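# pasted the sequence and its predicted model underneath.
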Amino acid sequence: MTSLPPSRLAVFGTLPRRVWIAVGLLALAIGLGVGLVLHFVGLERERDLYHWQQRMALVAEARAVAVNDWLAQQFGRLTALADNTAVQLYVTQIATMGLDAGDAQREAPEIGYLRNLLIASADAGGFVDRRAASELPANVAAVGRAGLGLFSAEGRLLVATRGMPVEDALLVAALGATPRGERGLIDLHLGPDGEPRMGFVVPVFAVQSEHSPADQIAWVVGLKEVAAELYPLLVPPGVAEKTAEVTLVRAVGNVIEYLSPRRDGRVPLSGQMARETPGLDAAFALSTPGGFGIKRDDHGVKVLAISRAIPTAGWTLLYTVSADEALAESKARTGRLLTVLLLAIGFIAAALVAVWHHAASRRSAEAAQRYQQLAEKLSAHDQLLRLVTDNQPNGMLIVDPDLRVGFANRSIAEELGIPAGDAVGKTLASLFGPAQAAPLEALCRACHARGGEASLEQRIDAPGEKPKIVRHLALPLPETAGEARTLLVKQDITAAVLEREKREHELEDLVGGLVGVVDRRDPFAAHHSRRTAEVAGAIAGELGLSDEETRTVTTAARLMNIGKILVPEELLAAGRALTADELGRVRRSILAGAELLEGVALGGNVPETLRQLLEHWDGSGMPRGLKGDEIRLSSRIVAVANAFVGLVSARAYRDGLDFNQAIDALLREAGKNHDRSVVVALINYLDNKDGRRRWAHFQRAPERPDR
């Protein structure tokens, strides 16, 4: 082992206490610096995961709504058949006659009517076996794959369409297991030809009965092959990630079954995994519906996973994206950041140690030697500064109070096309030109005046090149010889700005898609959200709101009806004036929409604006009974805009009011339901800002959709 010379050991042994304290403090500072760097990098990664959770939640929610709507549609078709008065009467007659299936076909003409009705309903609803050879009489066991059938309350076949497998074991089991008076489901399974199919069971009640279990007289059963209808609903529109996949899963005991086609080509109902598999994405989805996390798929690949429950069928919808694809950019960015910051800390620590050692070893030198040491120390600082800054992609300048350059790193020098040393002593105007230097000079003055950092963003257009977006940051440096200097950092943020705008556009597209779903489910109020947002934005302008506050108002107006995805479609498309209870249910969907949007980064406070939308100026509203200025101004504006659009917009079942009638109605509510100042702002826009002409088309009646 090599040992230190006795003289060097003596030096260490005689170091004063303050030197050891300084060494300890330096080590502590280095440790704290490394810890802060690692913490900052961790926060950046968490922020990226949070953004992915928001994006994936919107996709998963939209796909879950589509699947739930499809299931409701299937039950709805069979319920409509079960509620048919002719079906109820004829089934009652057959039951009263006490005939079996064969006799009923020969002696009861009602059977022919029921069979024709079933055939028409099966064709309309897709409960058809296209490969069945012919329609079978009710008393012959059918060998097929799909169809509709009527069964007595005891499970005896009354009539069925061709291709209806009336003796299918799952069908028989479902009739026996479904409680009287309730709906039943024959879960997703493979038919005799290997195609996925499902069945739906709905009770038929006697005419004018209370729909109690005792009133049930028969069952309507439908079987259909679902691949062409169900699986396309799992394909998310507008998703660019190559590894994105939406899968339906269910638990059967301790086994997880994959119900839908897989991205790697596997067919539905062909894959299984043990539920206790550690870290499995599907197991996480089943145990934590609505949860988000980093898990592993059934190939062991790490994925971002989010889920939604499909309660009607007992399924879970799982949406995954490969973690490597999703977080590739984040890992690269944080890796570069971590490397640069740790190198900077290392360089600074090494420089401090070198300077300290250099100074400590020369305490007994003569004055001339001390001057030499000072020159060497300054040279070391300059070399260190240049070593650190020349390896940075950002341009760096040190500017004195006269706006002359005292230091320029390699990035700036290469941009100017001169050696770095040639920039020293020149003014900003001589280096960059008066036009480009003017905002930089103003930035330096602002930094010096406030004694803190200042920044600005600048767009640079060069002939024949794409525009660049540059951020300039001015930082005050410690005074040297009574002279305050400024560090100018020039950073190209074009890629970051474009990425931010891309994410904003993606979020806007997803929000627009959800609003479109609501508009399609509520055809009599189509474009209502867009019109309300337009009117609310005009009122916000009249009241002098800032751009950010105006964006909150218009975004809340666009999303005010998002909760209608939870309202039955038959209520939204009633084509008539709603009852008080029905209208209250639709209005309360606004509060449900606020809960759906909670945690989504939309800017401002959109969920809280929606929560207060049903509050009234006099305190008579809901849900909290707020009044006056306790209600957010954004909520008061959207409430008035919504009321105005509702009054003047024509519906298929009524004409809209003219603008004067609508104004009178709003003024009557001013001081009660609405803020008078907001109503006055709307009137001013209508009368003085050409609002009547711009919104005249609101009063044109929409065409009633075919249903």
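Looks like it arrived, so ask away.

# where do the strands sit along the stretch 151-300 of the chain?
For the stretch 151-300 of the chain, the strands defined by DSSP state E, counting those that start in this stretch cover 157-160, 184-190, 196-205, 216-225, 245-252, 255-258, 271-274, 292-296.

# make a markdown table out of those strands and add distance to L25.
Every C-beta, even on glycine, is put in place using the N, C-alpha and C of the backbone. Converted to a markdown table, these look like this (distance: least, C-beta to C-beta, whole Å):
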| stretch | distance to L25 |
| --- | --- |
| strand 157-160 | 88 |
| strand 184-190 | 67 |
| strand 196-205 | 70 |
| strand 216-225 | 75 |
| strand 245-252 | 53 |
| strand 255-258 | 56 |
| strand 271-274 | 55 |
| strand 292-296 | 39 |
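
# pick the most buried one from the ones you listed.
Of these, the one with the most neighbours on average (mean count of other C-beta atoms under 10 Å) is strand 157-160, at a mean of 27.

# can I get the strands of the stretch 151-300 of the chain in TSV with distance to S322 and mean pLDDT?
TSV is the format used below for the strands of the stretch 151-300 of the chain (distance: least, C-beta to C-beta, whole Å; pLDDT from 0 to 100):
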stretch	distance to S322	mean pLDDT
strand 157-160	47	92
strand 184-190	27	94
strand 196-205	26	96
strand 216-225	32	94
strand 245-252	9	95
strand 255-258	17	95
strand 271-274	18	92
strand 292-296	11	95
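
# nearest to L657, out of those strands?
Checking the strands of the stretch 151-300 of the chain against L657 by C-beta to C-beta gives strand 196-205 as the closest, at 42.8 Å.

# ok so, going back, so which of the strands of the stretch 151-300 of the chain is nearest R308?
The closest approach between R308 and any of those, judged by C-beta to C-beta, belongs to strand 245-252 at 9.9 Å.

# which strands and helices sit next to that closest one?
On a contact count with 3 or more C-beta pairs under 8 Å, 6 or more residues apart in numbering; DSSP states H and E, strand 245-252 meets helix 17-82, strand 184-190, strand 255-258, helix 281-287, strand 315-322.

# pull the residues that contact it.
Strand 245-252 is contacted from outside by 59-60, 63, 67, 187-188, 234-236, 256-260, 262-263, 275, 282, 285-286, 310, 313-321, using C-beta atoms under 8 Å, 6 or more residues apart in numbering.

# mind giving me the PyMOL command for buried ones among those residues?
Selection of buried members from those for PyMOL, criterion 16 or more other C-beta atoms under 10 Å:
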select buried, resi 59+60+63+67+188+234+236+256+257+258+259+260+262+275+282+285+286+310+313+315+316+317+318+319+320+321
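
# closest to Q93 out of the strands of the stretch 151-300 of the chain?
Among the strands of the stretch 151-300 of the chain, strand 216-225 comes nearest to Q93, with 10.3 Å by C-beta to C-beta.

# does anything pack onto the closest one? Which helices or strands?
On a contact count with 3+ C-beta pairs under 8 Å, 6+ apart, strand 216-225 meets helix 17-82, helix 85-97, helix 110-125, strand 147-152, helix 169-177, strand 196-205.

# and the angle for the longest one with helix 110-125?
Between helix 17-82 and helix 110-125, the angle formed by their directions is 150 degrees, by axes from the mean of the first three to the mean of the last three C-alpha atoms, to 10 degrees.

# now helix 17-82: mean pLDDT?
Across helix 17-82, pLDDT averages out at 87.

# note down every partner strand of the helix or strand where L477 lies and its orientation.
Using DSSP states H and E, L477 sits within strand 468-480. Strand pairing for strand 468-480, using DSSP bridges, gives strand 454-460 (antiparallel), strand 483-492 (antiparallel).

# may I see the buried residues of that strand?
Of all the residues in strand 468-480, those buried under the rule 16+ other C-beta under 10 Å are I469, V470, R471, H472, L473, A474, P476.

# for those residues, which one is nearest L403?
So of these, ranked by how close each gets to L403 (C-beta to C-beta), first place is A474, at 11.6 Å.

# my guess is that closest one meets A442, correct?
No: here A474 does not reach A442: they are 9.7 Å apart, not a contact under C-beta atoms under 8 Å.

# what's the spacing between N561 and R636?
Distance, N561 to R636, by C-beta to C-beta, to the nearest Å: 18 Å.

# how about H616: what's its closest non-neighbour residue?
Closest residue to H616 apart from its sequence neighbours, by C-beta to C-beta, 6 or more residues apart in numbering: N673 at 4.7 Å.

# pLDDT value on G625, please?
Confidence at G625, expressed as pLDDT, is 92.

# output the strands paired with strand 468-480 in a markdown table, with distance to L32 and mean pLDDT appended to each entry.
Shown next, in a markdown table, are those (distance: least, C-beta to C-beta, whole Å; pLDDT from 0 to 100):
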| stretch | distance to L32 | mean pLDDT |
| --- | --- | --- |
| strand 454-460 | 26 | 76 |
| strand 483-492 | 23 | 79 |
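
# wait, V65 touches K564, no?
No: counting by C-beta under 8 Å, K564 is not a contact partner of V65; they are 10.9 Å apart.

# neighbour count winner among the two?
K564 (24 against 18; other C-beta atoms under 10 Å).

# which SS state does that one fall under?
Under DSSP: H, G, I helix; E, B strand; the rest coil, the three-state class of K564 is helix.

# ok, now how distant is it from R588?
As for K564, its distance to R588 is 11 Å (criterion: C-beta to C-beta).

# still on that earlier bit, H697: which of the strands paired with strand 468-480 is closest?
Nearest to H697, of all the strands paired with strand 468-480, is strand 454-460, at 37.5 Å by C-beta to C-beta.

# alright, I will stop here.
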